[in-house]
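1. test case, fold it:
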Amino acid sequence: MLTKEECEKALDHFEKCYWDQDNSYGAMNGVRKDLDILNKLIHEHFYNPPLGFEELIKHKVIWDNELKEFAFVLEQYKPTILNVPAPNDLQAISLEYRGGEIECLLSEKVEETINDYYVPNRFYRKEVVQE
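-> Numbers count the residues shown, from 1 in each chain. Sure, this is the predicted structure:
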């Protein structure tokens, strides 16, 4: 997810290039990057795309479209599977729901675990409204 600072910086840079009217390759390349950032912001804000596992950020509130409620991301961590170290690329998150219910999700399906795993198109930045 983009930060407020990233968007403000892109907008400031874009405005500076506009007023300078510098047609050099470096300036145009910078403008292209700024436009990409602003387009990504618009897409994130208005289209509410599903979140990838890496976008489930600690201390953020997200919408769980499977349970139809908001969840709070408690932490990201390196899991162990039945007291055995997990593969290097395996990650986990813990989510807290209303009433204090906590769910732990692994980044991918693993055979020998009691944890659930991340499923694409389940989590969003804001509530999914069915039309």
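2. distance of residue 39 from residue 115?
-> 36 Å (C-beta to C-beta, to the nearest Å). Every C-beta, even on glycine, is put in place using the N, C-alpha and C of the backbone.
3. how about stretch 37-45: buried residues?
-> Buried residues in stretch 37-45, counting neighbours by 16 or more other C-beta atoms under 10 Å, are found at 37, 41, 44.
4. residues touching residue 82, list them.
-> By C-beta atoms under 8 Å, 6 or more residues apart in numbering, the residues touching residue 82 are 112, 113, 114.
5. among these, who's most crowded?
-> Highest neighbour count within these, by other C-beta atoms under 10 Å: residue 113, with 18 neighbours.
6. nearest residue to it other than its sequence neighbours?
-> residue 81 (4.9 Å; C-beta to C-beta, 6 or more residues apart in numbering).
7. cool, residue 122 as well?
-> residue 66 (5.0 Å).
8. ok so the one you found is a helix residue?
-> No. Counting by DSSP: H, G, I helix; E, B strand; the rest coil, residue 66 is located in no helix; its state is coil.
9. I'd guessed it sits against residue 121; true?
-> No. Using C-beta atoms under 8 Å, residue 66 is not in contact with residue 121, being 9.2 Å away.
10. what is the neighbour count of the nearest residue to residue 110 once chain neighbours are set aside?
-> Counting by C-beta to C-beta, 6+ apart, the nearest residue to residue 110 once its immediate chain neighbours are dropped is residue 81, at 5.9 Å. Other residues near residue 81 number 17, with proximity taken as other C-beta under 10 Å.
11. reformat the buried residues of stretch 37-45 as TSV; add pLDDT, distance to residue 5 and secondary structure.
-> Listed next are the buried residues of stretch 37-45 as TSV, based on pLDDT from 0 to 100; distance: C-beta to C-beta, whole Å; DSSP: H, G, I helix; E, B strand; the rest coil:
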residue	pLDDT	distance to residue 5	secondary structure
37	82	11	helix
41	81	12	helix
44	77	15	helix
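12. any chance of those residues in JSON lines, with distance to residue 31 too?
-> Shown next, in JSON lines, are those (distance: C-beta to C-beta, whole Å):
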{"residue": "37", "distance to residue 31": "11"}
{"residue": "41", "distance to residue 31": "16"}
{"residue": "44", "distance to residue 31": "20"}
